[in-house]
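# A structural model of the following input is requested.
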Amino acid sequence: MERVPLILALALAVGGCNGEIYLRDGVTDGDTFYLADRALSDPDPVLQSWVRYSLGKSTCQLGIGGENPARATSFDCELTARRHLLEAWAEYRLADPALADGYLDSLSRVMDAGFLPEYVAHYHGNGSWQLPGDLDADGFSDWRRQHLRGHDPETRLIGSWNYARNVHPPLSVDDRL
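I've put the predicted structure just below:
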């Protein structure tokens, strides 16, 4: 299966992808993030929202760098990627108000309540993260007990990390168009 590298996907204003390609639970090793071909052709708004999350997160991880960007993490990366996810979802919901997704709708309520940073710290936090000092953990805890009963956080990486030397040569823009 051919894969499209992150840079090309960003240049082509990535569309969506099918659920079959986000079967990974967490990240794998690698220095290059690849989207599956279907990420450019499946129009599902939920999956397209997760594509934007994946591209935002992987771009941030590449910015952090290190020997293995796939393992790079920070509070700001996760918060920014979740914001990209919600921005995409809001755009799709604006175009079609009947769209619904349990997780994305819950996360939208978190954002509307002003607790997205607290949500990210609480549900996706990593002990190595530097957290901002102005998080309202108590306020979020009270709000969460009332509004997020039975909530299961989700993360979907639409694509995979791999070492550039171990994958098929990336498609050039000319090959793709």
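
# Sticking with residue 120, tell me its helix or strand.
Using DSSP states H and E, the element containing residue 120 is helix 116-124.

# so who does residue 93 touch?
Applying Cβ atoms under 8 Å, 6 or more residues apart in numbering, we find residue 93 in contact with 45, 99. (C-beta placed from N, C-alpha, C; glycine too.)

# Need phi/psi at it.
Main-chain torsions, residue 93, degrees, to the nearest 10: phi -70, psi -30.

# quick one: it from residue 48, how far?
With distances taken as Cβ to Cβ, to the nearest Å, residue 93 is found 12 Å from residue 48.

# Same question for residue 92.
7 Å.

# can you check residue 33 too?
According to Cβ to Cβ, residue 33 stands 17 Å off from residue 48.

# between the two, which one's more packed in?
Between residue 33 and residue 48, residue 33 has the larger neighbour count (other Cβ atoms under 10 Å), namely 26 against 21.

# next one: phi and psi at the more buried one?
phi -100, psi 130.

# which residue packs closest to it, ignoring adjacent ones?
With sequence-adjacent residues excluded and distances taken as Cβ to Cβ, 6 or more residues apart in numbering, residue 33 is closest to residue 58, at 3.7 Å.

# Can you get me a residue count around that neighbour?
By other Cβ under 10 Å, neighbour count at residue 58 equals 29.

# before we move on, what about residue 147?
Look at residue 147: counted by other Cβ under 10 Å, it has 13 neighbours.

# and what of residue 161?
Neighbourhood size, residue 161 [other Cβ under 10 Å]: 21.

# if I look at it, how far off is residue 31?
Distance from residue 161 to residue 31, counting by Cβ to Cβ: 8 Å.

# Between those two, which contacts overlap?
Overlap of the contact sets of residue 161 and residue 31 (by Cβ under 8 Å, 6+ apart) consists of 69-70.
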